[in-house]
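Participant: next comes the sequence, and after it the predicted model I'd like to discuss.
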Amino acid sequence: MSKVKIFSSLPRGTIVLPSSKSDAHRKIIASSLCFGQTSLIEGVDFSDDINRTIEAMRNFANIEIKGHTLKITSFIPQEKKASFNAYESGSTLRFLIPLFSQFFDETIIEGQQRLLERPLSIYKDLYQDKLIVEDKITLKGKLDQEEFVIRGDVSSQFISGLLFALPLRKKDSRIKIVGNFESKSYVNLTIGVLKEFKIEILEVNSNEYLIKGGQRYIAKNVKVEGDYSQLAFYGVLGVISSSVKVVNVNKNSLQGDKKVIDIIKSFNGKVEDIDEGYIFHKSDLVSSTIDLYDNPDLGPILFVLAVFSKGTTTFLNTKRLKIKESDRVLAMKKELKKFNVEIIDEENKVTIRGQEVKTPNQILSPSNDHRILMALSILGTKVKECEIEDIKCVNKSYPNFFKDLFSLGIEGEIYD
């Protein structure tokens with residue numbers, strides 16, 4: 001089991017952001033649905049999750065990999081049965097269930113770790129006995145309904161999954177979102193990618209979409225954007241330590257986690273806007289109130305930011321952090337306690353008081369969660385040293401994280 005030691009050190013230099021996992025998933029799926037056509041996708045970084053989507057979409061396309069470019073030539077599937085293994089990728093699983101049910105009579109889906117324990121209730125309600133979840137998922141039969149009423153407070157990925165598949169049906173469809181529509185920015189990202197491939201989604205109102213049937217995906221050569229979710233780690237590192245420059249940034253991105261720029265500024269973080277990206281400068285940070293309603297993946301690293309901010313920071317709408325790769329609130333609470341930092345966790349709210357951290361005398365555990373691991377690594381730069389176990393989980397989204405972190409001058413070592 002690989003471990004890493006991080007030592008007290010200051011960053012310096014420039015980070016070229018890895019490509020956005022959210023953007024890459026969507027562009028790979030859309031390119032694979034341009035039947036009889038070929039698309040090129042440039043700037044792909046091959047994390048575990050992205051590899052899962054590539055392998056699944058080989059049921060729809062011939063996919064060639066050359067460097068960081070994918071050549072995707074799609075075809076209409078002729079087989080009646082299909083299978084894929086989503087491993088730990090919730091995006092792969094939720095995006096593809098409606099698509100596979102539309103084209104195959106039977107699909108077998110496997111998953112690892114917590115994946116099959118994470119919420120699938122929306123699809124279970126829609127598919128009824130056509131979707132069986134045991135040690136694997138068995139999917140039999142199409143969705144016949146024309147109107148889909150979906151809760152908006154579980155995961156936006158269910159909505160995106162329907163948006164990929166429904167334009168390919170003959171009849172029109174309508175999606176209505178009930179309750180709080182959380183992480184809507186991710187649905188907007190899906191709609192933006194669909195638009196690039198000439199699929200139109202009509203937003204009737206803020207909680208309702210009309211999808212015309214009989215549409216056709218049109219091939220396009222595209223590039224994957226830099227990842228704002230990963231930018232968050234370097235942004236926080238910069239404002240708590242010393243200046244970090246981050247490039248490969250699309251300032252016009254629809255990525256929801258782009259909001260991290262404004263969030264860091266709300267803590268009095270100094271963010272310099274430059275042509276190619278941003279420079280984050282060491283700052284006198286003050287507490288803030290942060291609503292994670294639309295950006296739950298930012299939770300762990302923003303908890304670290306709160307620790308170094310004067311006063312008490314309140315995080316709202318935190319319950320969805322508990323149904324990710326780990327219970328991220330519980331995981332961060334356990335690990336921050338090793339730094340002598342207390343988290344107060346209420347049902348849907350977390351409060352953290354800014355304070356001086358102490359060097360932990362125990363090994364840190366990321367709970368097999370890539371975002372917990374990266375957040376703890378940034379925190380580890382502020383103490384004499386810390387040791388984190390089970391670091392292979394970083395491969396889920398950012399295999400080169402430690403290489404990039406060390407390139408900034410952060411001192412550390414990886415060992416078995």
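Facilitator: Received it, and whenever you're ready, just let me know what you need.
Participant: give the contact list for the closest residue to Arg12 other than its chain neighbours.
Facilitator: Counting by Cβ to Cβ, 6 or more residues apart in numbering, Arg12 lies nearest to Gly409, which is 4.9 Å off, once chain neighbours are set aside. (Glycine included, C-beta is placed from N, CA and C.) Counting by Cβ atoms under 8 Å, 6 or more residues apart in numbering, Gly409 makes contact with 9-13.
Participant: how about Ile159?
Facilitator: 150, 152, 175, 177, 187, 190, 209.
Participant: ok, so of these, who is nearest Ala331?
Facilitator: Gly152 (25.3 Å; Cβ to Cβ).
Participant: could you pull up phi and psi at the closest one?
Facilitator: phi -100, psi 0 (degrees, to the nearest 10).
Participant: which ones are touching it?
Facilitator: By Cβ under 8 Å, 6+ apart, the contact list for Gly152 reads 159, 177-182, 184, 207.
Participant: which SS class is Gly161?
Facilitator: Secondary structure state of Gly161, per DSSP: H, G, I helix; E, B strand; the rest coil, is helix.
Participant: wouldn't it be in contact with Phe95 here?
Facilitator: Yes: counting by Cβ atoms under 8 Å, Phe95 is a contact partner of Gly161 at 4.7 Å.
Participant: how about low-confidence regions in the stretch 151-300 of the chain?
Facilitator: Low-confidence segments of the stretch 151-300 of the chain (pLDDT under 70): none present.
Participant: tell me where it has helices.
Facilitator: If DSSP state H, counting those that start in this stretch is used as the criterion, the helices of the stretch 151-300 of the chain fall at 157-165, 184-196, 228-240, 260-266, 299-307.
Participant: quick one, which of those is nearest to Leu70?
Facilitator: Closest among the helices of the stretch 151-300 of the chain, using Cβ to Cβ: helix 184-196, at 14.5 Å.
Participant: quick revisit: okay if I get the helices of the stretch 151-300 of the chain as CSV plus distance to Leu115?
Facilitator: CSV is the format used below for the helices of the stretch 151-300 of the chain (distance: least, Cβ to Cβ, whole Å):
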stretch, distance to Leu115
helix 157-165, 12
helix 184-196, 18
helix 228-240, 19
helix 260-266, 26
helix 299-307, 19
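Participant: so which of those gets nearest Cys393?
Facilitator: The nearest among the helices of the stretch 151-300 of the chain, by Cβ to Cβ, is helix 299-307 at 12.6 Å.
Participant: elements contacting the closest one?
Facilitator: If you count contacts as 3 or more Cβ pairs under 8 Å, 6 or more residues apart in numbering; DSSP states H and E, helix 299-307 packs onto helix 228-240, helix 260-266, strand 312-316, helix 328-337, strand 349-353, helix 370-380.
Participant: just send those back as JSON lines, with distance to Ile343 and mean neighbour count too.
Facilitator: Formatted as JSON lines, these follow (distance: least, Cβ to Cβ, whole Å; neighbours: other Cβ atoms under 10 Å):
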{"stretch": "helix 228-240", "distance to Ile343": "17", "mean neighbour count": "26"}
{"stretch": "helix 260-266", "distance to Ile343": "18", "mean neighbour count": "18"}
{"stretch": "strand 312-316", "distance to Ile343": "9", "mean neighbour count": "19"}
{"stretch": "helix 328-337", "distance to Ile343": "4", "mean neighbour count": "21"}
{"stretch": "strand 349-353", "distance to Ile343": "6", "mean neighbour count": "20"}
{"stretch": "helix 370-380", "distance to Ile343": "13", "mean neighbour count": "27"}
